[in-house]
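*Asks:* Give me a model of this one.
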Amino acid sequence: MSPGRTVLRRMPAVAVAGGVGWLVDAAVLWSGHELLGLPVALAAATGFVAGGVVNVALNRRTFQGAGGRLAPQTVRYLVLFLLNLALTTVLVPLLADLLEGADVPGALLLAKVAVTAVLLPVNAVAYQWVFRAQGHQPEPVRSDR
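*Replies:* A predicted model of the protein is given here:
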């Protein structure tokens, strides 16, 4: 199966795992900022970590058929996770401030949705790398069709 088809086949499961992780993330972000009074950046980072734990557990199951050992997959996931954490911690507060300045209702959660929408397709493809079996190379695209 081509790498493109593999990504498309797994996309619904990645979306469900991401959706559950996102709900945990957004709930912690909102409650941390609105109920506990945490700064937006700290609430965004805390929510992202909580959602990330849920996400990796569910995506590990989604990509279970790819094989691979847990330790290398964990290292690759952490690389991707830290990149996403940095982007989320910077972009959500910036976008929320812009939206609040324009008096957009629900600016914090809208900013979270927008940042997630940008990162989702990138992460769906990156999970192929994260959860691949050790030494596994994608199948070459065949041109004999």
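*Asks:* so is residue 132 in a helix, a strand, or just coil?
*Replies:* Using DSSP: H, G, I helix; E, B strand; the rest coil, the structure places residue 132 in coil.
*Asks:* Please tell me how far it sits from residue 77.
*Replies:* According to CB to CB, to the nearest Å, residue 132 and residue 77 sit 12 Å apart. In this view, the C-beta of every residue, glycine as well, is placed from N, C-alpha and C.
*Asks:* More neighbours: which of those two?
*Replies:* Between residue 132 and residue 77, counted using other CB atoms under 10 Å, residue 77 has the larger neighbour count: 21 against 18.
*Asks:* where are the low-confidence patches of the protein?
*Replies:* Within the chain, the segments meeting pLDDT under 70 span 1-8, 10, 62-68, 133-145.
*Asks:* Going by neighbour count, list what's buried in the longest helix seen in it.
*Replies:* Across the chain, the longest stretch assigned as helix under DSSP state H is helix 70-101. Across helix 70-101, burial judged by 16 or more other CB atoms under 10 Å covers 73, 76-77, 80-81, 84-85, 88-89, 91-93, 95-96, 99-100.
*Asks:* Right, I'll call it a day here.
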